[in-house]
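J.: the sequence and its predicted three-dimensional model are supplied below.
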Amino acid sequence: MATIIDGKKVSAEVKEKVRLKTAELLKKRVKPGLAVIIVGDDPASRVYVNNKKKACEAVGFLSREYALAATTTQQELLDLVSQLNNDKEINGILCQLPLPNGLDEKAVIEAISPLKDVDAFHAVNVGKIMIGDYDFLPCTPAGVIEMLHSYNITVEGKNCVVIGRSNIVGKPMAMLLLHENGTVTVTHSRTKNLKEVTAQADILVAAIGKAKFVTADMVKDGAVVIDVGMNRDENGKLCGDVDFENVKEKCSAITPVPGGVGPMTIAMLMKNTLKACKIQNNC
Ligand code: GUN
């Protein structure tokens with residue numbers, strides 16, 4: 001029977017450390033501040049943003065939300081980012097993605113000051129991660145690494161297979177596994193014989209965005225399976241990219257959905273915001 005990796009528990013531990021460090025900063029009259037921009041009315045984005053706000057309040061941060069109409073222009077959005085770049089109370093800026101059609105995500109990401117880019121999506125931060133000299137790590141891949149550490153799962157020398165090559169998860173995930181001295185393969189929609197590749201994985205990370213895509217026959221006996229997916233199944237129930245019920249019988253450890261990687265993303269966002277605040281205040 002596989003170990004079920006409890007993302008809620010690890011997330012709570014990370015947030016508690018952030019809360020204690022924030023309490024120290026507050027004594028010095030320094031309060032970390034996060035601004036979250038949400039454009040339009042995507043229901044999933046609304047849930048994510050609400051959870052981010054709640055987490056900020058729980059650790060003692062200033063939390064500001066900018067909820068903009070779907071009709072917002074690119075210039076209005078860029079003006080807001082510019083205003084927040086210059087706002088002393090705000091240490092981290094996050095623009096919830098995806099943006100409504102017609103808005104240029106890349107331009108918005110590049111407009112955020114790299115010092116306040118707590119998502120670590122800006123080209124400067126992506127480049128820093130590539131060379132291993134970074135201040136911020138992207139929240140979801142960093143959360144996966146934190147979970148592995150928390151469960152004493154070593155990456156060094158292991159065959160790591162990432163399914164998916166997005167800028168938000170797949171590519172940075174591969175880089176962080178490489179930093180941990182894993183032997184990393186990135187697979188994607190054009191990969192040939194996917195099943196043969198994934199069946200070699202000691203650590204398999206699924207970040208495809210397709211419900212229950214990873215089936216038991218794709219998984220090696222005793223593998224560690226990390227599910228980054230957040231989908232709805234045929235009955236409208238939340239599920240990941242992994243066929244959890246069948247895969248859990250075969251692997252040694254697995255993250256559930258919900259309650260796995262999701263809560264870690266928010267915890268790592270809190271960690272990044274605290275770090276941004278410390279850097280900006282030289283403390
Ligand atoms: N949309 C889905 N995941 C993320 C994330 O980590 N950051 C932002 N800004 N948007 C997202």
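T.: In hand now; what should we look at?
J.: contacts, neighbours, all on C-alpha from now
T.: Noted.
J.: which residue ranges of the stretch 101-250 of the chain form strands?
T.: Per DSSP state E, counting those that start in this stretch, the stretch 101-250 of the chain carries strands over the ranges 159-163, 183-187, 203-206, 224-227, 231-232, 238-239.
J.: want to throw those into JSON lines with mean neighbour count, distance to residue 281 and mean pLDDT?
T.: Conversion of the strands of the stretch 101-250 of the chain to JSON lines gives the following (neighbours: other C-alpha atoms under 10 Å; distance: least, C-alpha to C-alpha, whole Å; pLDDT from 0 to 100):
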{"stretch": "strand 159-163", "mean neighbour count": "25", "distance to residue 281": "37", "mean pLDDT": "99"}
{"stretch": "strand 183-187", "mean neighbour count": "19", "distance to residue 281": "37", "mean pLDDT": "98"}
{"stretch": "strand 203-206", "mean neighbour count": "28", "distance to residue 281": "36", "mean pLDDT": "99"}
{"stretch": "strand 224-227", "mean neighbour count": "28", "distance to residue 281": "36", "mean pLDDT": "99"}
{"stretch": "strand 231-232", "mean neighbour count": "16", "distance to residue 281": "40", "mean pLDDT": "94"}
{"stretch": "strand 238-239", "mean neighbour count": "18", "distance to residue 281": "41", "mean pLDDT": "96"}
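J.: out of these, nearest to the ligand?
T.: In terms of C-alpha to the nearest ligand atom, the element of these nearest to the ligand is strand 231-232, at 12.4 Å.
J.: in its sheet, what does the closest one sit against?
T.: In the sheet, strand 231-232 lines up against strand 238-239 (antiparallel) (DSSP bridges).
J.: how far does the partner strand sit from its chain's centre?
T.: 17 Å (C-alpha atoms, centre = their mean, to the nearest Å).
J.: got the contact list for it?
T.: By C-alpha atoms under 8 Å, 6 or more residues apart in numbering, the residues outside strand 238-239 that reach it are 211, 212, 229, 230, 231, 232, 233, 257, 258.
J.: report the buried members of the residues you listed.
T.: 211, 212, 229, 230, 231, 257, 258 (16 or more other C-alpha atoms under 10 Å).
J.: contacting residues for the third one?
T.: So that's residue 229. By C-alpha under 8 Å, 6+ apart, the contact list for residue 229 reads 206, 207, 208, 209, 210, 211, 239, 240, 241, 242, 257.
J.: so what touches stretch 262-277?
T.: Outside stretch 262-277, the residues within contact range by C-alpha under 8 Å, 6+ apart are 7-8, 10-12, 14-15, 18, 22, 31-34, 51-52, 55-56, 59, 91-92, 115-116, 118-119, 135-137, 139-140, 142-144, 147, 228.
J.: contact residues of the protein facing the ligand?
T.: Selection of the chain residues close to the ligand by C-alpha under 6 Å from any ligand atom yields 94, 95, 96, 97, 98, 119.
J.: let's see 5 Å
T.: With C-alpha under 5 Å from any ligand atom as the criterion, the chain meets the ligand at residues 95, 96, 97.
J.: endpoint to endpoint, stretch 252-268 covers what distance?
T.: 25 Å (C-alpha to C-alpha, to the nearest Å).
J.: stretch 251-260 too?
T.: From its first residue to its last, stretch 251-260 covers 16 Å (C-alpha to C-alpha).
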